[in-house]
Structure formats: C-alpha cells, structure tokens
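Participant: Sequence below, structure please.
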Amino acid sequence: MIQYDRSPFGISTLCRMHGSAVYRATIPGFASVIFIVLIHELWLERPIYQEKDNELGHPYAIGVLVGTITFLLVFRTQQAYARYWEACSSVYQMMSKWMDASSHTAVYHLQCDHYDHIRPPSFYDYPHLNAEFLTRDRETHDPNSTGVMESMRMQKRATTKSIEQIETCRLAPAKPKRKVWERRSSDTKSESSSRGEDTPVPLESDPRLDGNWGALFDDNRATFFDPKFPDSIDKAGFASSQGGNTPPLFLQELAHLTSLLTGVALATLRNDIEGAESPLDIYEAGSPWPEVDPDKMADATFFGAGFTAMKISNFIGIGRTPEERTRYNASRPLAVLGGVSAAEIRFLQMARGPYAKTQLCWSWLSEFITREHLAGSTGNVGPPIISRIIQFLGDGMIYYNHARKITFIPFPFPHAQLSVVYVLVTVPAVAFLMDQYTEKLWVGCILTFLTVTALAGIHEVARELENPFRNVPNELPLVTMQAQFNEALLTMYAGFHPDNFWKEDADRYSKKKKWTTAKKSVQSNGVNSSESCPREAPEGEAPETRTNHEKSLDAKIQELLEKIDQQGSELARLRATVVSGIKDPESQPVEYDRQAEEQSVR
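Facilitator: Have a look, this model is predicted:
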C-alpha cells in the first residue's frame with residue numbers, strides 16, 4: 001500500500017513512479033504521438049500549396065469512438081474499485097469477528113470461580129449506594145476557571161492525558177513507603193469538602209495498576225506491572241512479564257490460536273500457488289509496525305538487484321512471476337503470537353489447499369473454546385451466550401470466503417480482453433482523428449498524448465485494483481494488519497479494570513447503613529433515639545462524655561451488628577456449599593437445620 005501526504009494540488013504524488021498508473025499510461029501515450037507524426041509527415045504528405053483534405057466530414061466520429069471506449073473502461077474501473085473495497089471490508093470484518101469471539105471468551109473466563117478472590121466488587125451487591133449521592137466520575141471541571149486557565153489546562157492534558165505513550169509523558173513518581181494502588185482518602189476528603197454540599201461525592205477506588213493479577217499468585221507478583229518500579233512501562237505492554245509472572249495459560253493459548261487462525265487466513269489470501277512458500281513468524285510484542293510500503297523496505301537485503309528488475313517490470317505492466325511472489329512473501333512473513341510449532345506446521349502442510357489450511361486452524365480454535373467451556377473455564381455463563389462465540393467464529397469464516405472469492409476469481413476474461421483491445425485501438429485511432437482536426441502538428445501531438453494517456457490510465461487503475469492481495473505495491477498491508485491484530489489480542493492479558501476496586505469505600509457506607517438499621521431496631525423496642533444512638537463527634541473534635549446507659553445501648557447495638565455479620569458469613573458458607581454440590585453431583589447434599597441455625601444466631 002502506498003501512503004502519501006496531502007500537498008498543494010497533490011504535487012507530491014507526482015514524484016512516485018513505482019505503482020503509478022500515470023507513468024505506465026504514458027507509454028501508449030508516446031506511442032500515439034509517434035503515430036500522429038508518421039501520419040502527418042509520411043502518409044498524408046502533400047504540397048504546401050495544397051489544402052488539407054478532411055477524410056471525416058464531421059467530428060461526431062471522434063465523440064462516438066472516445067465515448068464508447070470511455071464507457072467500456074469506466075465500467076471496468078468501477079468494478080475494480082468495488083472489488084478493492086470489498087476485499088478490504090471483508091478482511092477487516094473477518095478479523096473483527098474473530099477478535100469478538102476471542103475477547104468474549106476471555107471475558108467469560110474471568111468470571112469462573114478461579115478468580116473469585118481477585119474479581120472486583122459488583123454494584124448488584126451494593127444497591128444502597130444509589131441512595132448515598134455518589135458519582136463514578138473520574139474527573140470534574142472547575143466551574144470557576146477562566147478561558148486562560150482552561151487553555152492552560154488543555155495544554156497540560158495534551159501530554160499527561162494522552163492515550164499514546166510519548167517521550168514527554170511520564171507517570172507521577174510513587175510516594176515513599178506507599179503502594180501505588182493505595183487509596184488516597186485524605187486527598188479525596190479535602191477535595192470533597194471544598195466542593196460544597198450540592199456536589200456528588202466520588203466513590204473512591206483503589207487503582208490496581210496490575211489489573212489485580214498480583215492477588216492471583218501466592219507470591220503477590222504481577223505480570224506486566226512491577227511494584228518495585230511502578231513507573232517502568234515495558235515496550236511489550238500487557239505481554240510483559242517484568243512483574244515476575246506470566247498471564248494465565250488459558251489466555252495465552254486463546255491468543256495464540258486466534259493469532260494463528262488469522263495469520264494462516266491472510267497467508268492464503270496473498271498466495272494461491274501450490275507448494276510456494278508463505279511463511280509464518282514469531283510475533284514480538286511491542287516491535288515496530290511493519291512498513292506498509294514495500295519501497296521503504298531494505299530491498300538490498302531481501303531482493304538485491306531483483307527488486308529493481310521487479311520495479312521495471314511493474315512499470316511496463318508485467319505482473320510478478322510465481323518466483324517473485326514467493327520471494328516477496330518470504331521477506332514479509334505473517335507473525336503469530338507465540339510462534340508456530342513443528343507439529344502445527346506439519347498439520348498445515350498436510351491440509352491441501354488454502355481453504356483447508358484455514359479451516360484446520362478454525363477447528364482448532366473452536367474445539368479449544370468448546371472443551372474449556374464444558375470444563376467450566378467460562379464460569380456460569382449460559383450456553384445460549386456461549387453459542388454466540390461459535391457464531392462469531394462462523395461469521396469470520398464467511399467474510400474470509402468473501403475475500404477468497406476476490407483473490408481466487410479474477411475479473412472476467414471477456415471484458416478484460418475487450419478493454420485491452422480498445423485501449424490498443426485508441427493509440428492509432430486518436431492520432432488519426434487529431435490529425436484531421438488540428439492544423440499544427442505540435443497541437444495534435446499534445447492532444448493525442450493527453451487523450452490516450454487518460455484512457456490508458458483508467459485502464460491501468462482497474463488492473464491495479466482488481467486484485468488487492470497481490471498487486472504490489474498497491475496491495476493491502478496484510479502484514480501490518482496482522483501485527484495490529486496481535487496487539488489487540490494482547491489486551492486480554494490486562495486483567496480487570498484498574499478503577500473498579502471500590503469495595504473498601506463501599507463497605508464504609510455499608511457499615512453506616514447497618515448502624516442505621518440497628519438504630520431503628522433499638523428504637524422499635526421502645527427506646528428513645530436520643531438516648532440509644534450517641535451523636536458522632538465531628539472530625540477534629542473530642543468525643544462527648546457518655547453515660548453508662550448510653551454505653552450499654554452502644555454495646556447492644558454492637559452485639560446486634562456482630563450477629564448480622566455472623567448471619568451474612570453463614571449465608572455465604574451455605575451458598576458455597578450448595579454451589580459445590582451442584583458442580584459435584586456425587587457429593588452428599590448438606591441438610592439445613594433451621595433450629596440449629598436459629599440457636600447459632602441467638
């Protein structure tokens with residue numbers, strides 16, 4: 001794919017010859033100029049005093065011929081554009097469907113019981129928070145800021161809040177003797193107090209910069225995040241193991257099989273030659289993006305003088321030979337996460353044909369997801385939802401076959417042949433017609449060159465676009481697309497959202513609600529509220545003097561709260577017992593003794 005920059009009137013595009021339809025179309029344009037010179041000087045040579053004879057009585061003949069040829073070429077070009085954009089859309093839709101299937105599988109896997117102790121809290125378990133005038137906003141605007149202050153704020157955010165990692169952007173250094181994910185409640189309280197009573201209070205969370213993977217391992221070591229060097233960001237991103245551990249093996253296998261499926265699919269789209277090389281490579285996370293323009297590659301390393309010869313053949317319209325295509329594909333292998341094993345290569349070589357190779361990888365991925373689901377790796381997610389994953393995989397194969405249709409079925413031969421014939425006809429015909437209606441030879445040469453070059457250029461554009469998987473350098477950048485797809489797969493290693501761990505702050509509101517419930521319970525027994533519920537001392541003030549009666553009431557409230565906590569623990573234990581009994585049918589059911597339960601509560 002040729003990338004170009006916007007310039008005044010597109011002048012910068014004139015400097016590119018490799019892959020250009022304009023320069024290639026100048027060849028028939030110059031040939032037509034030679035024809036008009038020969039016609040003017042040799043065939044229609046006449047004395048100076050003799051008037052020029054006009055073999056055509058009316059210029060209508062020019063309009064009929066040029067109009068017919070233009071309609072023929074424009075139709076082919078329109079179909080070539082349709083094939084090009086359909087191929088591009090099919091590849092992206094194929095990759096999108098397979099990405100959806102893998103991402104859903106990874107998300108469902110995080111809901112299995114292996115991650116119960118590291119999973120973030122759920123708002124379902126804290127419905128009372130909705131009555132606490134809270135907000136989940138990460139940032140708020142200052143209503144008193146002026147235009148100058150807002151401009152300065154935006155300039156600062158350009159680097160500190162950029163989604164791209166740039167040189168001037170650095171994370172704030174960690175405070176000494178304080179963990180990176182430690183709550184900063186003191187800062188939040190001071191901020192909340194300055195906002196006023198009418199402003200919602202943010203529900204504070206404990207940022208887990210490791211995605212909470214550190215809580216999964218016994219040694220508390222994370223994967224891509226190193227607590228000893230919190231400001232360090234490895235170029236491998238979420239695939240890094242600088243924290244001392246690697247991502248769960250389920251996610252690694254899922255990412256590898258999906259990357260292998262996409263890599264094999266793209267490899268078969270760009271090469272339909274039986275027995276020709278179309279290699280796969282190991283993808284290194286964080287490596288630079290592959291160049292989309294083959295002219296920016298180190299051609300001396302991969303091709304040497306052969307690349308220059310290929311440019312010359314491309315300039316005159318000769319397609320690549322199977323040997324040249326093989327050498328080009330070998331220089332741009334499709335990278336796969338985790339590489340490809342010798343056993344996988346052996347099976348892929350045994351599968352005959354491009355469709356069979358892709359179908360084999362599709363079966364590997366589908367079987368893995370199905371087997372892990374039946375084993376419980378996707379948690380309690382229902383089978384109808386799991387079936388959507390298989391549907392996504394199937395949709396991806398549909399779009400793969402749409403792309404295969406374009407790379408395997410060429411533009412219809414009869415129309416292609418007819419287009420070539422009439423492009424060749426224009427070379428002498430336009431020269432003859434221009435000679436009939438121009439008095440000056442140089443004027444006829446210019447008009448002939450421009451007309452033939454335009455018609456031949458339209459034809460060359462159609463030839464370049466009708467197969468976007470092979471026509472270098474105007475082919476789709478499949479290697480770059482594969483690299484971007486691999487990086488997207490690596491986001492499955494990110495774990496949970498870092499700002500979703502607000503359980504500590506939510507428990508504070510839960511204790512407040514329990515205290516209020518206990519207060520109402522004591523009041524319902526006929527005790528005055530002013531006597532039963534002591535006033536909480538404001539922050540910074542000494543607590544008020546309490547009587548023995550008030551202390552006794554406080555003790556009763558505390559005892560009631562402890563009973564509530566005991567009941568909650570017992571319910572959690574019973575729920576776990578029931579769930580384990582469902583998962584293990586051979587286990588003995590646990591009988592529930594209501595009298596024993598009431599006795600334990602008393």
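
Participant: Strands of the stretch 201-350 of the chain, start to end?
Facilitator: Along the stretch 201-350 of the chain, the stretches classed as strands by DSSP state E, counting those that start in this stretch are 201-202, 280-283, 334-337.

Participant: ok, Ala462 touching Ala82?
Facilitator: No - using CB atoms under 8 Å, Ala462 is not in contact with Ala82; the gap is 10.8 Å. Placement of C-beta: from N, CA and C, glycine included.

Participant: out of those two, which sits in the more crowded spot?
Facilitator: Ala462 (25 against 13; other CB atoms under 10 Å).

Participant: what secondary structure does the closest residue to Ile385 other than its chain neighbours sit in?
Facilitator: The shortest distance from Ile385 to any non-neighbouring residue, by CB to CB, 6 or more residues apart in numbering, is to Tyr108 (7.7 Å). In three-state terms, and counting by DSSP: H, G, I helix; E, B strand; the rest coil, Tyr108 is helix.

Participant: Against His373, how distant is Tyr108?
Facilitator: Distance, Tyr108 to His373, by CB to CB, to the nearest Å: 8 Å.

Participant: Now do the shared contacts for the two.
Facilitator: Ile386 (CB atoms under 8 Å, 6 or more residues apart in numbering).

Participant: which stretches of this structure have low pLDDT?
Facilitator: Applying pLDDT under 70 to the chain flags residues 43-59, 141-159, 166-198, 272-277, 297-322, 513-551, 553, 579-602.

Participant: And the residue nearest the centre of it?
Facilitator: The residue lying closest to the centre of the chain (CA atoms, centre = their mean) is Ala488, at 4.8 Å.

Participant: Please, which helix or strand holds that residue?
Facilitator: Element membership for Ala488 (DSSP states H and E) is helix 478-489.

Participant: Buried residues in that helix, which are they?
Facilitator: By neighbour count on 16 or more other CB atoms under 10 Å, the buried set for helix 478-489 is Leu478, Val479, Met481, Gln482, Ala483, Phe485, Asn486, Glu487, Ala488, Leu489.

Participant: what's in contact with that helix?
Facilitator: Here helix 478-489 makes contact (CB under 8 Å, 6+ apart) with 91-92, 95, 99, 102, 237, 255, 258-259, 262-263, 266, 269-270, 283, 285, 287, 289-292, 332-337, 469.

Participant: Drop anything exposed from those.
Facilitator: Those of the contacts of helix 478-489 that meet the buried threshold are 91, 95, 99, 102, 237, 255, 258-259, 262-263, 266, 269-270, 283, 285, 290-292, 332-337, 469, by 16+ other CB under 10 Å.

Participant: Now do the strands in the stretch 401-550 of the chain.
Facilitator: Secondary structure of the stretch 401-550 of the chain (DSSP E, counting those that start in this stretch): no strands present.

Participant: Same question for the stretch 51-200 of the chain.
Facilitator: Assigned by DSSP E, counting those that start in this stretch, the stretch 51-200 of the chain shows strands spanning 134-135.

Participant: Using CSV, write out every CA atom in stretch 356-374.
Facilitator: What follows is stretch 356-374, C-alpha atoms only, in CSV (Å, rounded to 0.1, in the frame of the first residue of the first chain):
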residue,chain,number,x,y,z
ALA,A,356,-8.4,-26.4,4.1
LYS,A,357,-5.5,-24.8,5.9
THR,A,358,-7.7,-22.0,7.3
GLN,A,359,-10.5,-24.4,8.2
LEU,A,360,-8.0,-26.5,10.1
CYS,A,361,-7.0,-23.6,12.3
TRP,A,362,-10.6,-22.6,12.7
SER,A,363,-11.4,-26.1,14.0
TRP,A,364,-8.5,-25.9,16.5
LEU,A,365,-9.8,-22.7,18.0
SER,A,366,-13.5,-23.8,18.1
GLU,A,367,-12.6,-27.1,19.7
PHE,A,368,-10.5,-25.4,22.4
ILE,A,369,-13.3,-23.0,23.3
THR,A,370,-15.9,-25.8,23.4
ARG,A,371,-13.7,-28.1,25.5
GLU,A,372,-12.8,-25.3,28.0
HIS,A,373,-16.5,-24.3,28.3
LEU,A,374,-17.6,-27.8,29.1
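
Participant: Nice, that's everything, thank you.
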